[in-house]
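Trainee: Okay, predicted coordinates and the sequence, questions at the end:
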Amino acid sequence: MSKWCDIEADVLPTRLYRMLIDLVGRALSRQESLQDTIIHRMVYRMKVTALLPDQLVEEVKAHAKGQTLTESLTLALEEWLRLKKIAQLNEQIHRKPLEFSKGFSAASTRKLNRHS
């Protein structure tokens, strides 16, 4: 069995996990902010290596207007996801269009809203 820092290799992930949980627990018990800490970055951020064409990166930076490349890419990906979600909703409505309830009238709804 191999060892790393005098800890058995098969036990290492469990020990690291427990240490991480312990650190988070202690920080939360003191009501400390975990923002921008190593723990926060380990749990909530993903470091990615991607090969992207220079022209694409320059266009994203120009249109997203982020302060950093990471911020520009994050803004572009968030916008792309919003558009995809809207497209999915449109597809759902296309397959099953919205229908008004029987007896619906704009006038009665308007009257109800004005008295609330």
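Mentor: Thanks, I have the structure now.
Trainee: any weak-confidence spans in this structure?
Mentor: 1-13, 27-45, 116 (pLDDT under 70).
Trainee: show me where the chain has helices.
Mentor: 12-29, 38-44, 54-64, 69-95, 106-115 (DSSP state H).
Trainee: Pipe those into TSV and attach mean neighbour count per row.
Mentor: C-beta coordinates here come from the backbone N, C-alpha and C atoms, glycine included. Putting the helices of the chain into TSV (neighbours: other C-beta atoms under 10 Å) gives the following:
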stretch	mean neighbour count
helix 12-29	12
helix 38-44	12
helix 54-64	12
helix 69-95	11
helix 106-115	8
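Trainee: how close does the residue nearest the centre of the chain sit to residue 95?
Mentor: Note on the chain: the residue nearest the mean C-alpha position is residue 78, at 8.3 Å, using C-alpha atoms, centre = their mean. Distance, residue 78 to residue 95, by C-beta to C-beta, to the nearest Å: 26 Å.
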